[in-house]
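1. sequence-free structure coming up:
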């Protein structure tokens, strides 16, 4: 056969092979480097590297999964609805590319499910609950099938555990509708168990997703298990502390602030803000809020930077509320308080409890008791001694009934955090038995705190009664959050996850 003909046949064969080549999923150094750039929010670098990978190794479809992180973080952090609509077309393109991959790989279903779940979380930011629900349902089906086909593929638990935990934390009518219209199922204990298995697996693996798994586990401990100390211990790993990522620092700071490490949390936020190459305006909100809790003058600048630069809708009402509090609690400026408070009526939305509370305050337009407000801020800033002294400076009997209720609640919380649980029970008892506050946040939260105290110091039976009381109260705001915490506490007690001091004489 002439050499020219041989060459022709060769190139035809090569071309046909390339045309028919099935996409594969291969983790390599290039993919890992792109993932690192994304986790560090260096999106421009990552996008350039992604283009090089697509041109040099187009059959490696794993790059489409990693690429989706960029759109997800841009939407989730920036909360721009314009970005959501602009990037939405990318989701369908990536899913189609991933479906061209090798079906015998455990990454085939896993990557599709991850893309769907990320978009569900992004949609939830904009209250697109129905569309988010369908994406979660599709992701769940893929993951369940993957678990059956590849039971040893541990990464499957990364997303499946989140779905199981999330579904397990939903109760009542919503849970019933989910069962009717979707294939979703799960419990909090199931999801947490899966997370623990995956978390333990990371220490014997070299997966690039390890830190992501650690972050998910820590946030679950904080928000689902309501265990702040456990969450803080989980973020104290060297592999997390030494990671120079504003995203990871944001999560570390959030947990540090919630678990009684305010100074450390503020320092981590300052570091994250200085190192972020992507506009991360929420860091300013957190810094402003936490510095306000310490009554620091620098709080105002951060809050103003946030409301002027942030393009999202969540936390705007709260930010304006905090600016109003700054003027009154720190400066004693009544006019300044009402100037900022008016924006709570017109700006942002009320998808979260904090914004709903800010709207309620704006609608009431009543100047709060200044010393009660200062005590609240000092408590939130973990200066319990300062909060107690501030409360003790107030003449309780000069307060109107609503402020007396708040006084008793805040004094109870101070005693609780100072470890003086018997004094805390005394003051919480006043809140719970005062008919003036029958359907208030203070009474609902007091019932939850009493459940926590009695579970540790008295009996499970009493604790369960208080969780039921909490669930029976419908407060003006923060109801969903308080009720979810009460349900999770009740489930932990009933499943024996939380050991109670069972004392028959006091049950």
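-> Looks like it arrived, so ask away. Keep in mind the model is a prediction, meaning the values are calculated, not measured.
2. On the three-state scheme, residue 208 is what?
-> Following DSSP: H, G, I helix; E, B strand; the rest coil, the label given to residue 208 is coil.
3. who touches it in this structure?
-> By CB atoms under 8 Å, 6 or more residues apart in numbering, the contact set of residue 208 is 27, 31, 32, 35, 36. To be clear about C-beta, it is placed using only N, CA and C from the backbone, and glycine gets the same treatment.
4. what do you get if the cut-off is 7 Å, keeping everything else the same?
-> 27, 32, 35 (CB atoms under 7 Å, 6 or more residues apart in numbering).
5. Find the nearest non-adjacent residue to the second one, please.
-> In other words, residue 32. residue 208 (4.7 Å; CB to CB, 6 or more residues apart in numbering).
6. One more: residue 217?
-> Residue 217 sits nearest to residue 199 (CB to CB, 6+ apart), 4.7 Å away.
7. With residue 273 instead?
-> Residue 273 sits nearest to residue 283 (CB to CB, 6+ apart), 4.5 Å away.
8. just residue 312 next, same as before
-> residue 79 (2.6 Å).
9. Please identify which helix or strand holds the spatially closest residue to residue 479 that is not a sequence neighbour.
-> Of all residues not flanking residue 479 in the chain, residue 444 sits nearest, at 6.8 Å (CB to CB, 6+ apart). Assigned by DSSP states H and E, residue 444 belongs to helix 441-457.
10. Mind listing residues that contact the next helix or strand after that helix?
-> Sequence order places helix 460-472 as the next helix or strand after helix 441-457, per DSSP H and E. The contact list for helix 460-472 (CB under 7 Å, 6+ apart) reads 444, 447-448, 450-451, 454-455, 482-483, 486, 489-490, 493, 500, 502, 507.
11. from the chain's centre, how far out does helix 460-472 sit?
-> 26 Å (CA atoms, centre = their mean, to the nearest Å).
12. next one: stretch 99-107
-> 31 Å.
13. And for that stretch, what's in contact with it?
-> By CB under 7 Å, 6+ apart, the list of residues contacting stretch 99-107 reads 22, 23, 24, 25, 61, 62, 108, 146, 150, 153.
14. Give the buried subset of these as a ChimeraX selection command.
-> Selection of buried members from those for ChimeraX, criterion 16 or more other CB atoms under 10 Å:
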select :23,24,25,61,62,108,146,150
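15. would you turn the contacts of stretch 99-107 into CSV with distance to residue 273, secondary structure and pLDDT?
-> Formatted as CSV, the contacts of stretch 99-107 follow (distance: CB to CB, whole Å; DSSP: H, G, I helix; E, B strand; the rest coil; pLDDT from 0 to 100):
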residue, distance to residue 273, secondary structure, pLDDT
22, 45, coil, 70
23, 40, strand, 87
24, 40, strand, 91
25, 36, coil, 94
61, 36, coil, 96
62, 32, helix, 96
108, 39, helix, 97
146, 39, helix, 96
150, 41, coil, 96
153, 38, coil, 95
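16. Compile the contacts of stretch 99-107 into TSV and extend it with columns for distance to residue 225.
-> Below are these laid out as TSV (distance: CB to CB, whole Å):
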residue	distance to residue 225
22	42
23	39
24	38
25	33
61	36
62	32
108	32
146	26
150	28
153	26
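17. Which member of the contacts of stretch 99-107 is positioned nearest residue 85?
-> Nearest to residue 85, judged by CB to CB, of the contacts of stretch 99-107 is residue 61 at 25.3 Å.
18. these two touch, right, that closest one and residue 98?
-> Yes: under the criterion of CB atoms under 7 Å, residue 61 makes contact with residue 98 at 5.6 Å.
19. just to revisit the earlier point, neighbour-wise, which of the contacts of residue 208 leads?
-> Highest neighbour count within these, by other CB atoms under 10 Å: residue 35, with 20 neighbours.
20. check contacts around that residue.
-> Taking CB under 7 Å, 6+ apart, one finds 66, 208 in contact with residue 35.
21. do the same with residue 198
-> 154, 157, 158, 161, 213.
22. can you pull the pLDDT of residue 112?
-> pLDDT for residue 112: 97.
23. these two touch, right, it and residue 98?
-> Yes: at 5.1 Å, residue 112 counts as touching residue 98 under the criterion of CB under 7 Å.
24. what's the burial count for residue 478?
-> By other CB under 10 Å, the burial measure for residue 478, its neighbour count, is 16.
25. Cool, thanks, signing off.
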